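Engineer: sequence first, then the predicted structure, then my questions.
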Amino acid sequence: MNPATVTTSSLKLVAGTDCTAAGLAASGITASGGNTVFTINITASKTNGQQYTTCVSTAVQSVAGVAMAAPASATWTASDVIYSTGFEESSWQKTAYANGNAGPTGQQWELNNVLARDDDAGDRKNGTRSLRAQQSTSPVTATMLFDVTGVERVQFYYARYGTDTGTRNITLERSLDGGSTWSTVGSPIVTTNGPGSLTMATFNVSIAGPVRFRLNFNDAAMRINIDDFEIRATPAPPSVISSNPANGATNIGFNPSASVTFSEAMNVS
């Protein structure tokens with residue numbers, strides 16, 4: 001195509017499905033592939049779950065000067081999910097604790113003293129399968145064997161296996177050098193005698209470049225299940241974790257002080 005005819009007016013991205021609407025702010029358009037691929041460099045922020053439409057008008061012409069016969073458009077939904085697995089694919093089936101790889105080609109994990117099977121009623125899971133970490137004093141890890149980029153948040157669900165009791169630590173670790181060295185992300189999860197149902201854990205990170213993650217299961221007293229592991233491009237929003245006076249409190253003095261505790265440091269300005 002003729003790059004001079006491919007502009008932010010003739011090729012644009014709009015929120016919703018109406019191509020007559022104004023396009024999202026963009027710094028320009030980049031041509032590649034011998035002027036067959038054109039990329040809109042969007043500078044406006046996008047909303048997770050929002051529907052967007054890529055719009056091409058008849059102002060776009062080929063290098064021979066032939067215009068598009070009709071406008072074209074493609075509607076899609078934005079998502080901040082970079083990587084997600086519920087361990088549901090058959091490639092995740094691993095019935096023994098012995099060290100081995102599982103998962104689809106290109107997105108495999110190394111499971112060391114960790115299995116993933118679909119035939120045990122003691123496993124807590126959403127769907128047919130979850131990871132289960134063994135009771136072992138040997139290394140117990142679930143390690144990504146591939147990198148992702150642009151990470152702001154990691155989240156997953158965890159629960160005790162069956163009626164196991166004891167204490168288990170779950171540490172999220174990250175590697176910036178392809179798995180050669182590892183460092184801890186946030187604070188380890190310390191769980192005792194539970195939880196008895198899948199509970200979400202969230203870690204806010206900010207890593208623009210290539211990174212991979214590993215779950216390190218410390219202590220050997222209790223087996224633990226992991227399910228619905230996700231890596232996202234937006235951090236978790238802050239929340240109020242407690243208030244004083246507490247919700248529903250009665251017999252509070254006429255002039256009490258009131259305070260709230262947030263899940264993270266807040267902007268006081």
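Structural biologist: Cool, the structure landed.

Engineer: and the spatially most central residue of the chain, helix, strand or coil?
Structural biologist: Centroid check for the chain by C-alpha atoms, centre = their mean gives I231 as the closest residue, at 2.2 Å. For I231, the assignment made with DSSP: H, G, I helix; E, B strand; the rest coil gives strand.

Engineer: got a list of what it touches?
Structural biologist: By C-beta atoms under 8 Å, 6 or more residues apart in numbering, the residues touching I231 are 81-84, 148, 151, 153-154, 213. Heads up, the C-betas are built off the backbone N, CA and C, glycines and all.

Engineer: can you pull up the bridge partners for it?
Structural biologist: Beta bridges link I231 to Y83, V154, judged by DSSP bridges.

Engineer: same check, this time on T199
Structural biologist: When assigned by DSSP bridges, T199 has beta-bridge partners Y158.

Engineer: residues touching it, list them.
Structural biologist: When contacts are counted by C-beta under 8 Å, 6+ apart, T199 touches 157-159.

Engineer: could you list the low-pLDDT ranges of the stretch 151-269 of the chain?
Structural biologist: Under the criterion pLDDT under 70, the flagged ranges of the stretch 151-269 of the chain are 235-236.

Engineer: switch to 80 and redo it
Structural biologist: Along the stretch 151-269 of the chain, the model assigns pLDDT under 80 to residues 219-220, 234-239, 254-256, 263-265, 269.

Engineer: strands along that one, start to end?
Structural biologist: Under the criterion DSSP state E, counting those that start in this stretch, the stretch 151-269 of the chain carries strands at the ranges 151-160, 167-175, 183-184, 189-192, 199-207, 212-218, 224-232, 240-244, 259-262.

Engineer: for M144, which of these is the nearest?
Structural biologist: For M144, the closest of those is strand 212-218, at 4.2 Å, according to C-beta to C-beta.

Engineer: quick one: contacts of the closest one?
Structural biologist: With contacts defined as C-beta under 8 Å, 6+ apart, strand 212-218 is touched by 113-114, 131, 133, 139-148, 154, 156, 168-175, 178-179, 182, 185, 188, 224, 226, 231.

Engineer: adjacent strands (with direction) for it?
Structural biologist: Strand pairing for strand 212-218, determined by DSSP bridges: strand 141-144 (antiparallel), strand 167-175 (antiparallel).

Engineer: can I get these in CSV with distance to A25 and mean neighbour count?
Structural biologist: CSV is the format used below for the strands paired with strand 212-218 (distance: least, C-beta to C-beta, whole Å; neighbours: other C-beta atoms under 10 Å):
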stretch, distance to A25, mean neighbour count
strand 141-144, 35, 22
strand 167-175, 33, 18
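
Engineer: could these go into TSV alongside distance to T199?
Structural biologist: Listed next are these as TSV, based on distance: least, C-beta to C-beta, whole Å:
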stretch	distance to T199
strand 141-144	17
strand 167-175	11
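
Engineer: can I get the strands of the stretch 151-269 of the chain in CSV with distance to N41?
Structural biologist: Shown next, in CSV, are these (distance: least, C-beta to C-beta, whole Å):
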stretch, distance to N41
strand 151-160, 21
strand 167-175, 29
strand 183-184, 33
strand 189-192, 40
strand 199-207, 22
strand 212-218, 28
strand 224-232, 23
strand 240-244, 38
strand 259-262, 35
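
Engineer: tell me which of the ones you listed lies nearest to E89.
Structural biologist: Counting by C-beta to C-beta, and looking across all of the strands of the stretch 151-269 of the chain, nearest comes strand 224-232 at 13.2 Å.

Engineer: roughly how far is the closest one from the heart of the chain?
Structural biologist: 9 Å (C-alpha atoms, centre = their mean, to the nearest Å).
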